[in-house]
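>>> Here is the input, now give the coordinates:
(chains A and B)
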Amino acid sequence: MAEKTWQNYKENKNSKPAPLKGIRVLEVCTLILGPSGPGFLAMMGAEVIKCELPPMGDTCRDMTPFGYLFKGYGPVFTHNNPNKYWLGLDLHNAEAKKVFLELAAKSDIIEENLRPGVMEGWDVGYRQIKEVNPSIIYIAKNGFGQWGKYAAENRPSNDGASQGFSGYAWVSSFPGQPPLKSSIYPCDDYGGLMGEMAVLAALHYRERTGKGQYIELSQSENIMRAMSWVWPYQQITGKTAMPAGNRDVSICPADTFYCADGAFVAIAAPAPEEFGGLCTAMGRPELASDPRFKDHLTRLKEDNATQILKIVADWARARTAGEIEEMAEKHGFAASRVYTVKDVAEDRHFQERGFITDVDDPLLGQYHDYEFPVMMSRTPPKVKRSVRAVGFDNEYIMAHHLGKSEDEIKQLYECGALGKWADVPGRQPPAGWDGKTGLIVAEDGKEKEQR
Amino acid sequence: MDKEQSWSDWIKERDDPRIAHTRPEALDDITVLDLSYKSFAGCYCSSLLAEFGAEVLRIEPPEGDFIRTCTPYGMLYKGEGLNYLTEGRNKFHITLDLKKPEGREILKSLVKQADVLIETYKPGVMDGWGIGYEQLKEINPKLIFASITAYGQFGPMSQSRMPDYDNIAQARSGIQSGTGEVLPEGKGYDECPWAVPTKAGPWIGWAQPATFTAVGIMAALHWRWITGEGQALDVATAEAYARFDDYAALWYEGAGVVAERFGSMDTAAWLYCFAPTRDGAVFLGGLRLEMWQAFADMVGKWDEWGAADWTNLTVFTEKEQQLKWAPLVFAETRKYTNEELVNMSIEYAQNGRLAPITPVVAPVCSPEETMKDVNWLDRGIFTPVKDPIYGKLVVAQAQHKMSETPVRTKWVCRPAGYDNTPTYLKYLGFGPSKLKKLKGAGII
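The predicted structure follows:
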């Protein structure tokens, strides 16, 4: 049955529509917390116009692992900004503000991640925009929100600041070790994602009532939302939630184990049939009825958990990760070796599902990235177009969306409202660009990308 | 425009969570069936919809969902596990045995009246019960049917017997592998069991896929609003979480480099690390050259480090440069307490040479410190919910502040089947004698 629903999903996804058809988003975002959210909308088919301050644009353009640029751009930037349209608009400039308001009047959603009051200081804040577009949905994401002590102090923030402020790093470490920073940007990415939950709920409300609204999101508060038991536990016990390394203190057994082949494997087997399966796999079926381990709540108690995890660790140590995965499949508990990025990229399952997606971009060429991870049977989200230089689509947006003439566009450049890239890595088009490929032109009322 | 009022006062007057209960709810026209089983992801997903006002019927087997027993150290509060307590919010809890044909018929009657269905059974289970997507869309073509599983509905691993858990999703995503302390040279894992691939403590491998699913459901609702069409959604937890690995895939693709652990430093950014202090650690951030220069200036090293001559931040991101500069930075931060460093950055934003540019400095807190921080208390994230069963309980809430349709947590949780009587009466017209019969037959 499910086969019928998902037959040839990967092969057919480019010929199907995307779900957010007809929705226009205007973003003034930088780094990750800001751009990732509209990036998600763009993968779901919204038309996202990314407005950057020329000539340098988004700071993320040159965020590089150990200085490495992927096809001329920071890979974090490329990953989070697919399918967007690129506008270089200097919002310090009076003419640029007018252009921005003209675009805002024709948009459904505005997204920004600047410090509180900055957009208003540029005369393009929520109070100004709702004058020209009362049904606008406007979201501001940043470290501390729009009001409160830290917002009033105008503190800047980053993902790492939120990992610190929220206690997320504290509970993601090993006992007795200093708090550990995640290698990803969970507070940025998760803030970006959760922001869209509110944006799309607001869109639903607008479809029902015609009313727009303002949304603010603090990345620290948002990651706290995902920390579940930590808060009631502290309230009820009066104690601090403590780190536990790779052990899951709410699921037993669940931990990461070191194997005979030098690999690490994560195992989880809490439910009765799963724990029974693990005990059988370990050749110790009697453990399933041992009074210390007989049911999940008993097994979770500190002493019992420590003992069963030791037993599993000793067993895992004498086996390879592959053997353990096979036994998990056979006996119905969960196990996975700790995948490296190479393992993920080369995993046949991820590839056949199209999660490892093929991008074929006129400017950046062919490459693979991780697809939007919600597969939708009727309206598949997808990465189609890659990133562009600052201001790359200026002419198209000015002519097609605002009906500006060539002369008017020229004047906007001359007065400094519009701008394009600086000739530095991450900002400019790829080396050897012919001045044409990838530009979007309006043809018979339809857009067309030059290839 | 009423610009006399400052922006912060104006918006606080409109989006303070304290007035949320006076505002309408965005999704109060939507009915959701949450059939999730052994999955916090399913519960979290339906919570997000319920926070926006959707009517969520949380359907559990008569004995209750196993996920209720997944609680830290086996601790129960008033009979309930602490994780489930945080994600039972705003839902009507009913019981129904889907293993029994009568139970499935009842489900179908509910499906006719629902907009969204969330389920987490292994692929094929719902189909086998005759209540898979292809079967349910026959009785409700507008249904949005969302599945969250370990490996998804199709692909070679989809028929795996392995269940879905947070720590497995984290391991499978590639992210755990890149996170953790670096093994000190000449040491082994037995000596340093903390220098290993390290997962995040919170159930982010469940909460994040749940949020992706909820966002997908919202997009599907938009599509349905345009076209009237329903559809099926498929989320695999490891894939969803992997999507947050922002650069590893492209770095591997382009350069063949497999990202390795780099402790609390950052492979892709400088200045960007946790730094030790006299009383703990702070996060330092300066992703623009001027912010890194401001840090050097703030700790009195402008001249000695030659900060005025720096022209390019990218070179500092290189591994050798990071390893050279980190000890110099840490030697400075060790001279101060967390509070002193935070205040130095606030002060620098006022009076520093590069003001208002200042480095990001944030304390690395225990969650106990977080929960006492007046900033968050004032903003309503830890306002206790007054629950009729569980009393005043702190669950994180109000992560969005919204001017028209704010999220809110009306109650935190309910025991399994608590709402059977009113819910079955409302949706199916089952009165007390019918319910008694169904209960006797083990169907609810």
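
>>> residues touching residue A:303, list them.
Contacts of residue A:303 were listed using C-beta atoms under 8 Å, 6 or more residues apart in numbering or on different chains, and they are residue A:292. (Each C-beta comes from the backbone N, C-alpha and C, glycine too.)

>>> Just to be sure, it is in a strand?
No: assigned with DSSP: H, G, I helix; E, B strand; the rest coil, residue A:303 falls outside any strand and is helix.

>>> What's the separation between it and residue A:257?
The gap separating residue A:303 from residue A:257 is 20 Å, by C-beta to C-beta, to the nearest Å.

>>> And the nearest residue to residue A:258 once chain neighbours are set aside, which helix or strand is it part of?
The spatially closest residue to residue A:258, leaving aside those adjacent along the chain, is residue B:189, at 5.6 Å (C-beta to C-beta, 6 or more residues apart in numbering or on different chains). Under the criterion DSSP states H and E, no helix or strand holds residue B:189.

>>> Any idea how many residues pack against residue B:189?
Residue B:189 has 13 neighbouring residues, counting by other C-beta atoms under 10 Å in any protein chain shown.

>>> In this structure it contacts residue B:180, no?
No: contact criterion C-beta atoms under 8 Å: residue B:189 and residue B:180 do not qualify, at 10.9 Å.

>>> overlap in contacts of those two?
Joint contacts of residue B:189 and residue B:180 (C-beta under 8 Å, 6+ apart) are B:195, B:196.

>>> Downstream of the helix or strand bottoming out on mean pLDDT in chain B, the next helix or strand is which one?
Across the helices and strands of chain B, mean pLDDT, DSSP states H and E gives its lowest value to helix B:314-317, namely a mean of 92. Note on helix B:314-317: by DSSP H and E, the next helix or strand toward the C-terminus is helix B:319-333.

>>> Extract the C-alpha trace of that following helix and format it as CSV.
The C-alpha coordinates for helix B:319-333 follow below in CSV (Å, rounded to 0.1, in the frame of the first residue of the first chain):
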residue,chain,number,x,y,z
LYS,B,319,42.8,24.8,11.5
GLU,B,320,46.4,25.8,12.2
GLN,B,321,45.4,29.4,12.9
GLN,B,322,42.6,28.3,15.2
LEU,B,323,44.9,26.0,17.1
LYS,B,324,47.4,28.8,17.4
TRP,B,325,45.0,31.5,18.5
ALA,B,326,42.7,29.5,20.8
PRO,B,327,45.3,29.2,23.7
LEU,B,328,46.0,32.9,23.5
VAL,B,329,42.3,33.7,23.7
PHE,B,330,41.8,31.3,26.6
ALA,B,331,44.7,32.7,28.5
GLU,B,332,42.8,36.0,28.5
THR,B,333,39.4,34.7,29.3
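
>>> quick one: buried residues of that helix?
Using 16 or more other C-beta atoms under 10 Å in any protein chain shown as the test for burial, helix B:319-333 gives B:322, B:325, B:326, B:329, B:330, B:332, B:333.

>>> right, quick check: whichever helix or strand comes after that helix against chain A, any contact?
The helix or strand immediately downstream of helix B:319-333 is helix B:338-351, counting by DSSP H and E. Yes: counting by C-beta under 8 Å from any C-beta of the partner chain, chain A has neighbours in helix B:338-351: B:345, B:346, B:349.

>>> And stretch B:76-86, by the same measure?
Yes: using C-beta under 8 Å from any C-beta, we find that stretch B:76-86 touches chain A at B:76, B:77, B:81, B:82, B:83, B:85, B:86.

>>> count of neighbours near the fourth one?
Residue B:82 has 25 neighbouring residues, counting by other C-beta under 10 Å.

>>> so what pLDDT did the closest residue to it other than its chain neighbours get?
Leaving aside its sequence neighbours, residue B:82 sits nearest to residue A:229 (C-beta to C-beta, 6+ apart; 3.9 Å). What the model reports as pLDDT for residue A:229 is 98.

>>> just to revisit the earlier point, and the least confident helix or strand of chain B, what other elements does it pack with?
Secondary-structure packing of helix B:314-317 (3 or more C-beta pairs under 8 Å, 6 or more residues apart in numbering or on different chains; DSSP states H and E): helix B:319-333.

>>> again, 10 Å this time
If contacts are counted by 3 or more C-beta pairs under 10 Å, 6 or more residues apart in numbering or on different chains; DSSP states H and E, helix B:314-317 sits against helix B:289-298, helix B:319-333.

>>> Return it as CSV; C-alpha atoms alone will do.
Written as CSV, here are the backbone C-alpha positions of helix B:314-317 (Å, rounded to 0.1, in the frame of the first residue of the first chain):
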residue,chain,number,x,y,z
THR,B,314,38.7,33.6,6.7
VAL,B,315,42.4,32.9,7.3
PHE,B,316,41.7,32.7,11.1
THR,B,317,39.2,29.8,10.3
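
>>> Report the rounded mean pLDDT for stretch B:206-213.
Mean predicted confidence for stretch B:206-213 is 98.

>>> for the residues of stretch B:76-86 next to chain A, which one is nearest chain A?
Comparing those against chain A with C-beta to the nearest C-beta places residue B:82 closest, at 3.9 Å.

>>> Now that that closest one has come up, it's in contact with residue A:230, right?
Yes: taking contacts as C-beta atoms under 10 Å, residue B:82 lies within contact range of residue A:230: 8.8 Å.

>>> Overlap of the contact sets of those two?
B:72, B:395 (C-beta atoms under 10 Å, 6 or more residues apart in numbering or on different chains).

>>> about what we covered before: closest to residue B:291 among the buried residues of helix B:319-333?
Sorting the buried residues of helix B:319-333 by distance to residue B:291 puts residue B:329 at the head of the list, at 13.1 Å, by C-beta to C-beta.

>>> Checking residue B:93 next. Helix, strand or coil?
Classified using three-state DSSP, residue B:93 is strand.
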